[in-house]
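Engineer: What follows is a predicted structure for the sequence shown.
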Amino acid sequence: MYSWRKLREKLFTCLIIALSVLAIAPVLHIILTVFANGFAVIAKAGTSFFTDLPPTPLSKEVGGIAPSIAGTLLMTAISLPIAVTLGLFAAILTAELPSNPLSLAVDAIAKSLASIPTIAVSMIVYTLVVVPMKSFSALAGAVALAVIALPYTYTYFSTALRSVPSVYREAAFAIAMSRWGAVVRVLIPVARKALTTGVLMTVARVMGETAALLFTAGRFRTGVSFSPTAPADAIPLLIFDYILSPYAVWHQVAWGATALLLLAYLMVFLATKLIVKEVRL
Amino acid sequence: MVGTIVFSKRDKLFFLSLLPLSISLLAVLVVSVTTIALHSLDAFQHFGLALFASSIWNPEREVYGLLAPVIGSLTTSAIALLTALILSIPLAITIAEYLQGALKSVVSSIVELMGGMPTIVYAVWASQYLVPFLKQFAMEPLHSALPFIPLFSCKPVTGFSVFAAGVAIGISIVPYVTTLILEAYQSIPVMYREACYGIGATRYESIKILLSLARPAIIAALVLGFARALGETTIAVTTVGNSMYLSSCLFAPGYTVSALIASQFANAYLYQYAETVLYSSILVVVLIAIALSFYGSTTIVRWRLRVVV
């Protein structure tokens, strides 16, 4: 016969485990449904899903999402170096001079910046870049993406650099290296795997961002363009528009594109896991 | 730390060489906030606080009222917070207390995977699966069982509603809140746990004690989750139903500030005041979000200094 205390223990354990399963369940269901729906569409469309233009609303053919793939690649390629460079310099500053007032400020600012809604960034870039340039462009989209990625990139990098044991830094100074020498030849090489993970996580964030592109990238879906100053499309943007539309064929395309995006994200995620697994300092 | 005690000449050079690029974060923040503030000035001058006293979107006649989206944003975030609260604390406890070895790292990886997943994926899933599911298994039962409570008083028609958006956003912030709670929970020094077991506490009792010790950090994590939920756009647009009608019922379609902007900003330049009104609405959200995230992160830091010595 259980005492109340033991029974309560069991009940509590069951409740906690049940709620945890409930918390994990959505992501498993998401992956299952997205892949089931999406790969059916991609299989139906074949390789033309990657090379064709999106269908008209009443078309029978699924078509493809080539403009969106091109746009996502282009904007990721432009925004990544911006976010990585700025984030890295800020991270070096706060990791090397941690008690400097500016470092403390940069830390606090990164947190505030991360809390600005991404749609606000989209509005700001619209006003400051799109309006003066008189057109939507891949460049404007990339600027918005870089602004959104920056605080996250900074946080990944600063965590990576701060995790380097201080003995490495001391050893570098002991052999009369300059501060920059120590950073470039000791700190960064020691932290390279964590830094690479940071870059990959930035890629994951940039390629999946939707709201930042709403008023910046434009929605160029009638051809494949790699020009930074011309309007561009992105996979998340296409999904967003098509899933909100009432047309069945657009819903199908949206599912296919979502599966593609999720697959790309899973691959990047897996890559970060493999890199981290190797590193055992 | 090395080198910070004395600010030598070489250190100064090092500092100066880092300065231009590293203040970019500061510059971005300043430019962002001033742009939003400057562009919302017109709306505040022209409409005053009356802007937040009614719910109307009629750019043709230049009549605006932002009450419904602002209330909608706060309500959806509150529901999201409740969802995250119910799911995150057990998940954090399970990872910290009940799982071990490979299973523990698999579940932590899943939480990490959820945290970085593009919100558009959540949005697609929520609009196609979660909303019908909630309509059938949560909204309709609640409405038929408790129709006298104003929150549940209306019949869910399509399912797209403030309630659905709240739950969907809540699910998307679960990993974020879980990570913060887990970090706090695991940073409690082991001596507290030993003390619990030492006086013969069961696992439940010691978890209860440890949770009460971590309470300020958990509240801060929830505040940060609320701030994040406020700004969520894609999930909100696809699930909230996008209606300017203010209702006390959670099952009626509504609006959030970010959903309003997502659907109206593209055409706002056609009208005299639409753009500045939208800017003023996001100003409110940005200020709340920055204030809350500042409060949340400083609370966690202070708690850590007090508990984790």
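Structural biologist: That came in fine, so what should we check first?
Engineer: Please make it C-alpha for all contacts and neighbour counts, starting now.
Structural biologist: Will do.
Engineer: ok, how many other residues are close to the residue lying closest to B:Tyr245 once chain neighbours are set aside?
Structural biologist: Nearest non-adjacent residue to B:Tyr245, counting by C-alpha to C-alpha, 6 or more residues apart in numbering or on different chains: B:Gly254, 6.3 Å away. Residues lying near B:Gly254 (other C-alpha atoms under 10 Å in any protein chain shown) number 30.
Engineer: B:Gly254 belongs to a strand?
Structural biologist: No - assigned with DSSP: H, G, I helix; E, B strand; the rest coil, B:Gly254 falls outside any strand and is coil.
Engineer: quick one: B:Leu67 and chain A, what's the gap?
Structural biologist: When distance is defined by C-alpha to the nearest C-alpha, to the nearest Å, B:Leu67 is 19 Å away from chain A.
Engineer: Pull up the per-residue confidence for the residue nearest to B:Tyr245.
Structural biologist: Here, the pLDDT recorded for B:Gly254 equals 88.
Engineer: ok, it touching B:Ile71?
Structural biologist: No - with contacts counted by C-alpha atoms under 8 Å, B:Gly254 stays clear of B:Ile71, the gap being 9.3 Å.
Engineer: where do the contact lists of these two overlap?
Structural biologist: When contacts are counted by C-alpha atoms under 8 Å, 6 or more residues apart in numbering or on different chains, the set common to B:Gly254 and B:Ile71 is empty.
Engineer: ok, the residue nearest the centre of chain A to chain B distance?
Structural biologist: Closest to where the C-alpha atoms of chain A average out (C-alpha atoms, centre = their mean) is A:Arg205, at 0.7 Å. In this view, A:Arg205 and chain B are 7 Å apart by C-alpha to the nearest C-alpha.
Engineer: Excluding chain neighbours, what is closest to whichever residue of the stretch 151-300 of chain B sits closest to chain A?
Structural biologist: Closest residue of the stretch 151-300 of chain B to chain A, C-alpha to the nearest C-alpha: B:Gly231 (4.3 Å). Once flanking residues are discounted, B:Gly231 sits nearest to A:Pro117: 4.3 Å by C-alpha to C-alpha, 6+ apart.
Engineer: Can you give me every residue that contacts the one you found?
Structural biologist: A:Pro117 makes contact with B:228, B:230-232, B:286 under the criterion C-alpha under 8 Å, 6+ apart.
Engineer: Mind doing that once more with 10 Å?
Structural biologist: Listed by C-alpha atoms under 10 Å, 6 or more residues apart in numbering or on different chains, the contact partners of A:Pro117 are A:148, A:211-212, B:227-233, B:258, B:282, B:285-286, B:289-290.
Engineer: among those, which ones are buried?
Structural biologist: Among the contacts of A:Pro117, the ones that count as buried by 16 or more other C-alpha atoms under 10 Å in any protein chain shown are A:148, A:211-212, B:227-233, B:258, B:282, B:285-286, B:289-290.
Engineer: what's the closest of the residues you listed to B:Val28?
Structural biologist: Closest approach to B:Val28 among these (C-alpha to C-alpha): A:Ile148, at 10.1 Å.
Engineer: pretty sure B:Ile79 is in contact with B:Ile173, am I right?
Structural biologist: No - counting by C-alpha atoms under 10 Å, B:Ile79 sits too far from B:Ile173 to count as a contact (11.5 Å).
Engineer: what's the overlap in contacts for those two?
Structural biologist: Shared contacts of B:Ile79 and B:Ile173 (C-alpha under 10 Å, 6+ apart): B:85, B:167, B:226, B:229.
Engineer: Mind giving me the packing neighbours of whichever strand or helix holds the third one?
Structural biologist: When elements are assigned from DSSP states H and E, B:Phe226 belongs to helix B:215-231. Helix B:215-231 is packed against helix A:101-115, helix A:118-125, helix B:67-93, helix B:162-186, helix B:203-213, helix B:234-239, helix B:257-264, helix B:274-307, with contacts defined by 3 or more C-alpha pairs under 10 Å, 6 or more residues apart in numbering or on different chains; DSSP states H and E.
Engineer: residues in contact with residue 206?
Structural biologist: In the absence of a named chain, chain A is used. Each residue near A:Val206 by C-alpha under 10 Å, 6+ apart is listed here: A:72, A:75-77, A:79-80, A:83, A:142, A:144-146, A:148-149, A:200, A:212, B:118.
Engineer: Not quite, go with chain B.
Structural biologist: B:192-197, B:199-200, B:212.
Engineer: repeat for B:Gly241
Structural biologist: With contacts defined as C-alpha under 10 Å, 6+ apart, B:Gly241 is in contact with B:158-162, B:164-165, B:252-256, B:259.
Engineer: Using the three-state scheme, assign it.
Structural biologist: coil.
Engineer: which one is B:Glu60 nearest to, not counting chain neighbours?
Structural biologist: B:Tyr271 (7.3 Å).
Engineer: and that neighbour, how many neighbours?
Structural biologist: Counted with other C-alpha under 10 Å, B:Tyr271 comes out at 13.
Engineer: which residues of the stretch 101-250 of chain A fall in helices?
Structural biologist: Here the stretch 101-250 of chain A has its helices, by DSSP state H, counting those that start in this stretch, at A:101-115, A:118-125, A:131-133, A:138-162, A:166-174, A:179-182, A:188-190, A:192-208, A:235-244, A:248-278.
Engineer: Quick check: the residue of the stretch 151-281 of chain A found nearest chain B vs A:Thr153, distance?
Structural biologist: Nearest to chain B in the stretch 151-281 of chain A, going by C-alpha to the nearest C-alpha, is A:Gly208, at a distance of 4.6 Å. Distance, A:Gly208 to A:Thr153, using C-alpha to C-alpha, to the nearest Å: 15 Å.
Engineer: which residues touch the residue of the stretch 151-281 of chain A closest to chain B?
Structural biologist: Contact analysis of A:Gly208 by C-alpha under 10 Å, 6+ apart lists A:72, A:76, A:145, A:234-237, A:258, A:261-262, A:264-265, B:116-121.
Engineer: longest single helix anywhere in chain A?
Structural biologist: Longest helix in chain A, counting residues (DSSP state H): helix A:4-45.
Engineer: Does it reach chain B?
Structural biologist: Yes - residues of helix A:4-45 are located near chain B by C-alpha under 10 Å from any C-alpha of the partner chain, namely A:5-6, A:8-13, A:15-24, A:26-31, A:33-34.
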